[in-house]
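> okay, predicted coordinates and the sequence, questions at the end:
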Amino acid sequence: MESPKKQQNMHIAIAGNIGSGKTTLTALLAKHYGWEAQYEDVDDNPYLNDFYEDMQRWSFNLQIYFLNSRFSQIVQIRQSDKTVIQDRTIYEDAYIFAPNLHTMGLMGTRDFENYFALFNLMSSLIEPPDLLIYLRASIPTLVNQISRRGRKYENNIRLDYLKRLNERYEAWVETYNLGKLLIIDADNYNFPDKPADVNAVIDKVNAQLHGLF
């Protein structure tokens, strides 16, 4: 399958719950199109391990770290002359993860309001992605993929936490109106093992980017 003619300086972003396959799909699409990939800062994140050990203590610190990291990525993306595909968006932090922590009593109202005010300022200074790809995945799919990749700090993730996040993802995507949106049902795809599944997504991406409906 041939890549279409490249468009310069586009921002593609992949959204989805923990374990939905964002990183895998980011890498595969970057390889196919020759895009530059921007990944979530997981391995070098100084708060992630502490957060999963004590969410209430470290939730605000973690979310501020992600907000800063994501904002910096977007600034770099828009300054680049390349098309960049980003693993997770700044909007997920603000509309899904932070409010979920607040609702669960794991982030205080004062911290949440401080965080959201900062997000509102940052979001007013950036452009949304040219295309948002949302990976919709059921809880069994998420659990299976989280287990398969075997990150130690993710062993403590509770099912109710994933369920709450999924509900927030669905509510967010339903009202998303910042740009083009492509929804992929991740339960029906096996990106690592089935090239045909990747090609099917590439066809959908081409249709969104180039109007081949």
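Great, that's in hand. Numbering: from 1, shown residues only.

> what does the pLDDT read for the closest residue to Ile64 other than its chain neighbours?
Nearest non-adjacent residue to Ile64, counting by C-beta to C-beta, 6 or more residues apart in numbering: Tyr115, 6.6 Å away. For the C-beta atoms, the positions are set from N, CA and C on the backbone; glycine is no exception. Tyr115 is assigned 98 on the pLDDT scale.

> so which bits of the strand or helix carrying Tyr115 are buried?
If you go by DSSP states H and E, Tyr115 is part of helix 109-123. Neighbour counts over helix 109-123 (16 or more other C-beta atoms under 10 Å) mark Asp111, Phe112, Tyr115, Phe116, Leu118, Phe119, Met122, Ser123 as buried.

> the third one against Leu62, yeah?
No: between Tyr115 and Leu62 no contact is recorded; they are 10.5 Å apart, counting by C-beta atoms under 8 Å.

> any idea what Ile85 is bridged to?
Note on Ile85: beta-bridge partners by DSSP bridges are Ile12, Ala37.

> mind checking pLDDT for Met122?
We have a pLDDT of 96 for Met122.

> how much space separates Asp187 from Asp197?
Applying C-beta to C-beta, to the nearest Å, the value for Asp187 to Asp197 is 11 Å.

> neighbour-wise, which of the two wins?
Asp197 (18 against 14; other C-beta atoms under 10 Å).

> okay, and that one sits in which element?
helix 195-210.

> buried sites along that helix?
Asp197, Val198, Val201, Ile202, Val205, Gln208, Leu209.

> ranges for the strands of this structure?
Here the chain has its strands, by DSSP state E, at 11-16, 36-38, 84-87, 131-136, 180-185.

> residues making contact with the third one?
Just to be clear, that refers to strand 84-87. For strand 84-87, contacts defined as C-beta atoms under 8 Å, 6 or more residues apart in numbering pick out 10-14, 22-23, 26, 29-30, 33, 35-40, 73-74, 77, 129.

> give me the buried subset of the residues you listed.
Using 16+ other C-beta under 10 Å as the burial test, the contacts of strand 84-87 include 10-14, 22-23, 26, 29-30, 33, 35, 37-40, 73-74, 77, 129 as buried.

> in this structure, which residue is most central in space?
With distances taken as C-alpha atoms, centre = their mean, the residue of the chain nearest its centroid is Arg88 (2.1 Å).

> can you pull the phi/psi pair for that one?
phi 80, psi 150 (degrees, to the nearest 10).

> and the closest residue to it other than its chain neighbours, what does it touch?
Of all residues not flanking Arg88 in the chain, Glu40 sits nearest, at 4.9 Å (C-beta to C-beta, 6+ apart). By C-beta under 8 Å, 6+ apart, the contact set of Glu40 is Lys22, Thr23, Asp87, Arg88.

> pretty sure the first one contacts Ala15?
Yes: between Lys22 and Ala15 there is a contact under C-beta under 8 Å: 7.3 Å.

> where do the contact lists of the two overlap?
Each of Arg88, Leu135 lies in contact with both Lys22 and Ala15 under the rule C-beta under 8 Å, 6+ apart.
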